Each structure stands twice: as C-alpha cells, then as structure tokens.
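In: Provided below for reference: sequence and predicted model.
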Amino acid sequence: MLTILFWVLSAVMLASAMLVVAFRNPVNSAMSLVLSFIALAALFVTLDAFFIGIIQVLVYAGAVMVLFLFIIMLLDLKAEARRKLNLAALGGGLAVLGGFVALIVQVVKSLPAAKEEFPALTRTGYSDVADVGTTLFSGYNLPFQVIGVLLLVATVGVVILSRRTLR
Amino acid sequence: MTNPQLYPWIILFAPLVAAGVILFVLSRNNTAAGAVGILTAALTCFLSWKVFLDPSLTVTAQIPWLEVPGVFSVPIGIILDNLSRVMLVVVTTIATLVFIYSAGYMRGDEGIPRYYASLCLFLFSMLGIVLADNFVMMFIFWELVGVSSYLLIGHYFRKDSAADAAKQAFTVNRVGDFGFMLGILMLWLATGSVMFSGIEQNLSAMTLHPGYLTAACLLVFCGTLGKSAQMPLHVWLPNSMEGPTPVSSLLHAATMVAAGVYMLARIFPVLLAAPEVVREVIMWVGAVTCFAAGLMATQQDDIKRILAYSTISQLGYMVVGIAVAPAGDIAMFHLFTHAFFKCMLFLCAGSVIIALHHEQDIWKMGGLLGRMPLTALCVVIGTLALAGTPGFSGYYSKDLIVAYAHGANNTVFWITAGAALLTSFYMFRLFFVVFLGRPRGEHAEHAKQSPAVMTIPLLLLAIPSVAAGYPAIAKHFFDLPHPEMPHIVHYALLAALGCGFFLAAVLYARGPAKDPVRIPLFANRLYIDNFYDWLVAKVQGGLAVLGSWFDRWIIDGLVVTGAARTVWATGYVLRLLQLGNLQAYAFFFGAGVLALLYYLIFR
Amino acid sequence: MNALTLGHYLLVSGLLFSIGLAGVLLRRNLLIIFMGLELMLNAANLSLVAFARHGVTTLGLPDYNAQVLVFFIITVAAAEVAVGLAIIVALYRLRQTTHVEDLDKMKF
C-alpha cells in the first residue's frame, strides 16, 4: 500500500515540478508549485512525519505560495514572451544538470544505508507533535529563539524594502 | 699636584674640551678663542714634557669602549713607550708655537674662533693617534685627523679652490684608508687582538702564512700612502696649501703627514716579521716618491708648493728609512728633525706672504733679505738643515737613512742621493729668488719684518733646527745606532749638497726676472693630476652611466613597472569573469559545486 | 522494488533538486527562478525526513532531530521568500522588468 502511494505521489510531485519550470505563464507555474508542495506533504505523511507534513501545507502551500501569487498579481506579469535562445547558456545549463543527476544517482547507489528498508516503529499514530515539540524546545531552544529574531528582522526588512522611494 | 697617571688623559682630552668651549661659548670672541687655544696647547706641551721626563710613568687604565665579552674588546687606552713620548713632545711643542704664530697670521680673518676650534680638534685627534694603544682607536683618530684637515684646508671656504682642495684631501685619504682598514681587519682576524701589544705577541699565528701577512702589511701601508702623501696618492698635499699657512706648517709638514710614518714605526715588529717583499715595496715606493717629488719641486712658482713637494720628498725619505733600517727609530729621527725645520720654513713662508699682502708667487718677490732679516735668517737655517749641511740637524738624520739605504740596495742609494741633490737645488733656488736680487713687485718693495708674535716662534724653532740632530741631544730621544758609514755615502751626499747649491746659484743668484729654466713636465707635476682628472671623468663617469642605465631600465622598468603591469594584467583577466548575468553566475556556481562534490566523494 | 528503501526517497529528492536547478539555470523570469529555489529547498527537506524515518532511535521512534531541522528550514525559507519577493518588487519598480537578462548593471 505504502509503495503504491509512494510511486503515485512521487510521480505527481515530479510532474508538477517539471510543469513549474515549463509553463510560460507565471500564474500557471505557481499553481503547479502548489500541487507539488501538497504532494510533497503527502510524501512526508508516508514517512510518518505528520507534524512536518501539516506544517508544509500550512506554511508553504498556504502562506508562501499565496505570497507568490500576490506578487505575481501585483506586478501584473504576463506570460513570458519568447526570446532568442542562447544556445551556449542552454548547453552549459544542461551539462551542469546532467552532471548533477549523474552524481546523485551514483551517490545513492554507493550509499550502503540506501539499500535498507525502514525499520519498524513501536508506535504509530498521529501524535508526534509532542515528541517533535520536546526535541525542539529541549535540545534546540537557542536556535528557536534565534529563528524568532530572524523572522523579526525579515519582517522589518520587508517593510523597509517595500517603501515607495526606498531611501 | 694631581696624580701623574692622569697627565696623558688630560693631554688627550684638554684640546677636545677647548674646541667645544670655543665653538659653543666663545664663537664670537676672537681674542678669547685665541687665548683658550694657545693656553690649551701650552698646557698639553707642559704636561707632555713632564711625561717625557718621567720614563717610569706608565698608564694601565683604559676606558672600555666597544666590548663583546669573549669575542673582542676595543678600549680607549694610552700607550707610553719611548716612541709615543718623543712624538708627544714634538707634536705639542710645535703645536704651541704654531698656535701662538696664528694669532699674528690670522689677524683680521673673519673666522678666527672656527679656526682655533678646528686646530684644537686637530690637536686632540693627533694626540689620539700618538697615544693610541690599539689599531681601532688609532684608525678612529686617523679619520678624525682627516676631518680636522678638511675643516682647516677649507677654512677659506668661499674660495672654490680651497673647498675643492679640502674635498680632494679627504677623498684621496679615504682611498688609502680603505686599504688601511682592510689591513687592520686582516691583522685582527689572524691574531684576535687589536692591541698593538697583542698583535706583536701573536705574530707567530701569521708567520706561517707569509702571503696573508704580506697582504695585510701592504694594505696597512696603504694608510701611509694616503696620509703621508706617497705616490700615487700624493696629489692632495700640494693642493692642501690652500689652507692658511700655519695649518700647512702644523698639519701638512710636521705632524699629520708624519702620522703615516709614526704608524709604521709603531708596527715595526710586524714589518720585520713579514716577508722581505713588504719592505722592498715600501722602500721602492718611498724612493720613487722622494725623487719624483723633488723633480716636481724644481719648477714650482708658488712658495708654499715648493715646500709642499719638499715635504712629500722628505716623507719619502722617512718611508725609505722604515724599510731599510733595523729599527723604527732611524726614520723617526728624521721625522723629528724634519718637523722642526719644515715647520719653521712654512712659518717663514707665512711671514713673507703676510708681509707681501698674501702674495705667494716667488716671481713677485725678491730682495727681501734686507727688508725681513729675521725671516731670512730662519730661512737660511732651515734651508741648510733641509739640504743636509753638516752641523745642522738634517745632516744627521738624512745621512743615517741614506747610509742604511746604501746597505740595502745600491739603486735606491743613488736615487736618494739624487733626491738630496734636488733638495739642495730647489731650496737654494727658493732662497735666491725670494730673498736676493731686486724686488719684483710693489708689495715686495714695501715689505717689512713681521711682528714679534710671529717672529718669536720662528726663532724658537730655529734652535732645534740646528741642534736637534746632535748626538748629544738626540740620544735623549732615540736609541740610535752608529753604523760604519761608508765613505761613498759621505762623499755622495756632500757632492749632492754642493752641486745643488752651485747649480741654483748659477741660475738664480743674480736675481733673474723670471725662471730661466722651463721644464713643462716638472712644472705640470708629471701630469699626474691630469691623469686623475681623466680617470675620474672617464672611468667614474662611465660607471655612473652604466649605473644609471641599470637603474632606469632594469630596476625601474623591469622590476617595478613589471610587477605593477603583472598585477594589472591579472586584474584585467579576472575582470572578464564579472558578466553581470545572474544565470551565468549560477552556472559557475553549479559547476563549481559539482566539481567539488565529485572530488570529495569519489576521490 | 517491492519494499521501499531509503534509496528510493533519496533518488526522488535528488530528481526534485535537479528540476529546481534546471529552473534556476534555464528560466529567465526572476519569479520562476525563485520558485526553482523553493523546489531545491524542499528536496532537501524530503531527504532529511527520509533520514529521520530511517534513523530510528532506541525508543522505536523516528529521529526527531532531523525533523526539527526541517522545521527550521521551512521557517527560514518562508522568511527568505518574503524578503526576496520584496526585493523583486523593488527591482520591478526601478527597472520595470523581471527578466534576468535585463539586469546587467554589474557587468565590468
């Protein structure tokens, strides 16, 4: 069951990711990205990471993509006009891409842990929030506070950057 | 009375203090400066005689100056052996008389305090050379004497010729001192000591390496070449006559130029231990100088230059004396007698020059015998002494040297005898032209005898000029052997004296209006000065051009500009990476990460 | 292929990353490039969660350390998107373009 879910969800996610890159109209790209994120959240759930899955949907698909769409609408971006193809850049990009894929495949193949099945869990269910919370606030308290400050800084930065005159 | 041990230190440092006082306190007061100078010189003279008359006095105290424990030590120390005692007496006595004479000669000059301060500095430096107990100290004072000489020759610094002469004196001396320094270093390296006593004790370390010892001795002799104006470094001494005449008499006749001979006498044991060739070289240099300078003197027209070349010639005699005699005392004896009569001759020349309002050309003088009788008398005494007339001091000292030369090398004997003939000739020429005949100019007509402050030193110096050679007196100063003098020496020298006198009388006694003999080669000083001019202009100029080319093209062009250009070129190449295109940057970034990962994971 | 292994998830994550990289390298629109960046971040998240599930602790629970890291990454990515989009808006106001090739002022 899980296997089938994995394949389906992976296919959806990868397909919509490719559509993000392929669409000319930015709104279409954004929508494909939302789909991709949701599929990814489902994949998280198959990995028994329930809290992270929900967070993925709430934050990424819910907030970040909405922000993206706002901006697209604000800037009133049209579909991208076709420009002359720069063959050198295209070739270079594809070369790097091909290299990366080859590298990743090679790494995964040679990693001994990659061949192992997932061990069984003693407890299944949906209540891993408490566990994640405990780990977060006991071991990673300081980074948590720092992230708070980071968000504050980001907010202030956005406000400043959005001023009309940017002085 | 204070501790006699302090006398040598007072003798040494009093003139330095006096120079400081004159320079900083009395620089506007002519009479006070003169008085301080004269009194200081008199003090050193008095103390020197006390030291001389007390043979038991030795000084062991030293001022440690340059000390590296265990490696070397260069102290400031005093040596009081017979050699230094005699030299002390000579230097301080003559200095005192010259200081007194200067008061009269320099009257009206604009730089009297400067003059006396420089003279005191010179006295300090010369006494340092005399009293030095180690080579480095002697070298330091050697250089200081050069500095004082520079200051004094250039006293009339507004005259270009005087300034140039001062520079030439210092530079030529420096050439000699370069060799001198190398020689000192070689001796130091071999014996491990700079003290004269230390070097003499460790001579055995060097006698096993005769080539090394020869080189060291010849290099040390370079110092004498420079300071005592031997050929080929003699060119500065005639030009040093640009300085005031008392300076010429003190420095460039009696004391400073004699320092070279003094130094050789000081290291006489080293010269004896060195291979024969060292003394051969010294002998020939001295002989050639002696004769060539005599030739050049026969055609000079400036009264001071005649005396200058005479000094060079007599220094040649002293150098020969060092080479051929078994002890340094023989050459020192000639130095001793020469100091007195040459100084007196220069002071007489000064007396004549002042009386004729600074006229120095002998062909504008004449007929001064009646007008300046005391000066004339002293000149006669000096000429007879210098020419080696029996009964005068020069006879004893010069004949001793020539006798030893005869024993050493026949050619050198004839050379020195010939020089004696020349000496007699040019000195009598000088006397005849200046004092006999009729006055050749306005000034000569109205000349009067110099005032007492100048005449009394002359007369005082006349006494040792006559008497200093007598064995009864000389034996208090030197330990002179009495060799069996071959008759040939005796006759040759008497003949030289007589022939010179006769020749001069024939040519000049009737008081001709101008020189009947004209030998351009001698008058132009064997063209040696012209050669040096050419050498400096061509060789040094050529080296300067080469140096300038190297500096401009290789150092400036290649190294400096090259470095700058390389950096600029590298920057230019690297700038090409700034494309401004975001995706290009992303591409480079991705490619770099790819390469890095590949390298880290798979290698 | 019957059982799911860690390798499967890692491969999928890698492919997702490559797709994101392709978006960054090949597309000219700034916003699409930005979306590509988000894809890359998410691929990393997937890897981390897979490893969390793989590294089961003695208690029989997934290794929550990796999940906490994913939590942080999501947070930071959100902040980064906010600031990045603000910059893009400011740039658009100045240059009236979001085409990456029109932004060449930094060329030497």
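Out: Everything's here; your move.
In: spatially nearest residue to B:Ile38 (excluding sequence neighbours)?
Out: Spatial nearest neighbour of B:Ile38, chain neighbours left out: B:Phe99 (4.7 Å); criterion: CB to CB, 6 or more residues apart in numbering or on different chains. Any C-beta I mention is one placed from the backbone N, CA and C, and that applies to glycine too.
In: just the helices in chain C please.
Out: Along chain C, counting by DSSP state H, helices occupy C:6-26, C:30-54, C:64-95.
In: nearest residue to the middle of the chain?
Out: In the absence of a named chain, chain A is used. In chain A, the residue lying closest to the centroid (CA atoms, centre = their mean) is A:Phe37, at 6.1 Å.
In: actually, chain C is the one I wanted.
Out: Central residue of chain C (CA atoms, centre = their mean): C:Leu41, at 1.8 Å.
In: then the helix or strand hosting B:Gly104 to CSV, C-alphas only?
Out: Following DSSP states H and E, one finds B:Gly104 within helix B:82-105. Coordinates of each C-alpha in helix B:82-105 appear next as CSV, following Å, rounded to 0.1, in the frame of the first residue of the first chain:
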residue,chain,number,x,y,z
ASN,B,82,109.7,55.9,24.0
LEU,B,83,108.1,56.3,20.6
SER,B,84,104.9,57.9,21.9
ARG,B,85,106.7,60.1,24.4
VAL,B,86,109.0,61.6,21.7
MET,B,87,106.1,62.1,19.4
LEU,B,88,104.1,63.8,22.2
VAL,B,89,106.8,66.2,22.8
VAL,B,90,107.2,67.0,19.1
VAL,B,91,103.5,67.4,18.4
THR,B,92,102.7,69.6,21.4
THR,B,93,105.7,71.8,21.2
ILE,B,94,105.3,72.6,17.5
ALA,B,95,101.5,72.9,18.0
THR,B,96,102.0,75.5,20.8
LEU,B,97,104.4,77.6,18.6
VAL,B,98,102.0,77.4,15.7
PHE,B,99,99.0,78.4,17.8
ILE,B,100,101.0,81.5,19.0
TYR,B,101,102.1,82.3,15.5
SER,B,102,98.5,82.0,14.2
ALA,B,103,97.4,84.8,16.5
GLY,B,104,99.5,87.1,14.4
TYR,B,105,98.9,85.5,11.0
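In: what's the angle between the very next helix or strand once past that helix and helix B:82-105?
Out: Later in the chain than helix B:82-105, the nearest helix or strand by DSSP H and E is helix B:112-131. Between helix B:112-131 and helix B:82-105, the angle comes out at 170 degrees (axes from the mean of the first three to the mean of the last three CA atoms, to 10 degrees).
In: residues in contact with the closest residue to B:Thr337 other than its chain neighbours?
Out: Spatial nearest neighbour of B:Thr337, chain neighbours left out: B:Ser393 (4.0 Å); criterion: CB to CB, 6+ apart. By CB atoms under 8 Å, 6 or more residues apart in numbering or on different chains, B:Ser393 lies in contact with B:Thr337, B:Phe340, B:Phe341, B:Ala385, B:Pro464, B:Ser465, B:Val466, B:Ala467, B:Ala468, B:Gly469, B:Tyr470.
In: and the pLDDT for B:Ser393?
Out: B:Ser393 is assigned 85 on the pLDDT scale.
In: ok, it to chain C distance?
Out: According to CB to the nearest CB, to the nearest Å, B:Ser393 and chain C sit 93 Å apart.
In: cool, A:Lys115 as well?
Out: Per CB to the nearest CB, A:Lys115 is found 6 Å from chain C.
In: and that residue, what does it touch?
Out: Residues counted as contacts of A:Lys115 (CB under 8 Å, 6+ apart) are C:Thr5, C:Leu6, C:Gly7.
In: sorry, back to before: would you mind measuring from the residue nearest to B:Ile38 to chain C?
Out: For B:Phe99 relative to chain C (CB to the nearest CB), the value is 81 Å.
In: contacting residues for that residue?
Out: With CB under 8 Å, 6+ apart, B:Phe99 has these contacts: B:Gly34, B:Gly37, B:Ile38, B:Ala41, B:Tyr116, B:Leu119.
In: so which of those comes closest to A:Gln106?
Out: B:Leu119 (97.3 Å; CB to CB).
In: quick check, the closest one in contact with B:Gly34.
Out: No - using CB atoms under 8 Å, B:Leu119 is not in contact with B:Gly34; the gap is 10.0 Å.
In: circling back to that earlier point, what is the mean pLDDT for the helix holding B:Gly104?
Out: Averaged across helix B:82-105, the pLDDT comes to 91.
In: low-confidence ranges, chain A, go.
Out: Applying pLDDT under 70 to chain A picks out residues A:124-126, A:166-167.
In: what residues does it put near chain B?
Out: Contact residues, chain A versus chain B (CB under 8 Å from any CB of the partner chain): A:Ala89, A:Gly92, A:Gly93, A:Val96, A:Gly99, A:Phe100, A:Leu103, A:Gln106, A:Val107.
In: surely the residue nearest to the centre of chain C meets C:Ala77?
Out: Yes - in this structure C:Leu41 lies within contact range of C:Ala77 using CB under 8 Å: 5.0 Å.
In: distance between stretch B:147-155 and the chain's centre?
Out: 12 Å (CA atoms, centre = their mean, to the nearest Å).
In: immediately after whichever strand or helix holds B:Phe170, which helix or strand?
Out: If you go by DSSP H and E, B:Phe170 is part of helix B:160-191. As assigned by DSSP H and E, the chain's next helix or strand after helix B:160-191 is helix B:196-201.
In: hey, C-alpha coordinates of that following helix in PDB?
Out: Extracted in PDB, the C-alpha atoms of helix B:196-201 (Å, rounded to 0.1, in the frame of the first residue of the first chain):
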ATOM      1  CA  PHE B 196      99.500  46.600  19.300                       C
ATOM      2  CA  SER B 197     101.000  44.500  22.100                       C
ATOM      3  CA  GLY B 198      98.500  41.700  21.400                       C
ATOM      4  CA  ILE B 199      99.400  41.700  17.700                       C
ATOM      5  CA  GLU B 200     103.100  41.600  18.400                       C
ATOM      6  CA  GLN B 201     102.600  38.700  20.800                       C
END
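In: can you list the neighbours in contact with it?
Out: Contact with helix B:196-201 is made by B:Ile79, B:Asp133, B:Asn134, B:Phe135, B:Leu187, B:Thr191, B:Gly192, B:Ser193, B:Arg266, B:Ile267, B:Pro269, B:Val270, as judged by CB under 8 Å, 6+ apart.
In: going by distance to B:Gly590, which of the residues you listed wins?
Out: B:Gly192 (74.1 Å).
In: the closest one against B:Val71, yeah?
Out: No - using CB under 8 Å, B:Gly192 makes no contact with B:Val71, being 9.4 Å away.
In: just the helices from the stretch 201-350 of chain B, written as ranges.
Out: Secondary structure of the stretch 201-350 of chain B, counting by DSSP state H, counting those that start in this stretch: helices at B:204-207, B:210-227, B:236-239, B:245-249, B:259-266, B:268-273, B:276-297, B:303-324, B:329-355.
In: same check on chain A?
Out: Assigned by DSSP H, the helices in chain A fall at A:2-22, A:26-46, A:50-55, A:65-75, A:87-110, A:129-139, A:141-161.
In: hmm, back to that, so which bits of the helix holding B:Gly104 are buried?
Out: Across helix B:82-105, burial judged by 16 or more other CB atoms under 10 Å in any protein chain shown covers B:83-105.
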